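Colleague: Okay, here's the prediction I keep looking at, along with the sequence it came from:
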Amino acid sequence: MGRRAFCRATLGAAGLTAVCRAWGAVSARPNIVVILADDYGYGSASCYGADPGLVRTPNIDRLAAEGRRFTDANTPSSVCSPTRYGLLTGRYCWRTSLQAQVLGTFSPLHIEPTRLNLASLLKRHGYHTAAVGKWHLGYGDARGDLNFRTDYTAELTPGPLDLGFDYHFGVPSNHGDMTGIFVENRRVYGLKGTEPTGPGLAPADLQSAYGGDD
């Protein structure tokens, strides 16, 4: 039996990988880059039919030409958090407490660390994983906080690293641009003070001086 015929015959066997490796027929694992952009139209990249005279995306086009394109996907709530949840877990957002809308900046982690997701699955198969950019799935636990709000001055756990990502570099704000404030792995960098910040959390003297009459 030839090498190719042998590999085809053992396609359903649990030992396929080891057998084909012995024959030198297993190629290296491909790199996987998933790009999710908010408010980005289906036809806003050349590889999806954008007018090259108006929009030119040569780097994205190259990734598409050398890889795979998503052409048929659906989310029951086409906004930030539910879409990210569905992409990572493969579950409908309406199976969670967040059936619509999006998470706030101070929301805790929305995915249970024990739940199988894209990152943990890839890690099982020997991949090194990273999540970079807008996260918008919450950080921390927050169950010990009376207002159920994440404390960004403390270690942010659980977080992306507890879901299977080896590295994370993102932004803590989800609804605006907080220049110079970033999350790297479990820590926030760029905060000006050490106290939790947010509406109603300013020091008493500042609230008295600038908070108004209400």
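Modeller: Cool, the structure landed. Treat the numbers as computed from the prediction; the structure is a model and nothing was measured.

Colleague: Strands of this protein, residue ranges please.
Modeller: Counting by DSSP state E, the chain has strands at residues 130-134, 167-171, 182-184, 187-189.

Colleague: for the second one, packing partners?
Modeller: To tie it back to what came earlier, the one meant is strand 167-171. Packing partners of strand 167-171 (3 or more Cβ pairs under 8 Å, 6 or more residues apart in numbering; DSSP states H and E): strand 130-134, strand 182-184. To be clear about C-beta, it is placed using only N, CA and C from the backbone, and glycine gets the same treatment.

Colleague: For the first one, what is the distance to the chain centroid?
Modeller: Going by Cα atoms, centre = their mean, to the nearest Å, the spacing between the C-alpha centre of strand 130-134 and its chain's C-alpha centre is 6 Å.

Colleague: ok, now the last one?
Modeller: Distance, stretch centre to chain centre, for strand 182-184: 14 Å (Cα atoms, centre = their mean).

Colleague: Strand partners (parallel or antiparallel) of that strand?
Modeller: strand 167-171 (antiparallel), strand 187-189 (antiparallel) (DSSP bridges).

Colleague: ok so, going back, weakest of the helices and strands packed on strand 167-171 by average pLDDT?
Modeller: Sorting the helices and strands packed on strand 167-171 by mean pLDDT places strand 182-184 lowest, at a mean of 91.

Colleague: how does the chain divide into domains?
Modeller: 1-30, 35-73, 78-214 (automatic domain parsing).

Colleague: pLDDT below threshold where in this structure?
Modeller: 1-27, 142-148, 173-179, 192-214 (pLDDT under 70).

Colleague: Quick one: the helices in it, in order.
Modeller: Ranges of helices within the chain are 3-9, 16-22, 58-66, 80-89, 118-124, 204-210, based on DSSP state H.
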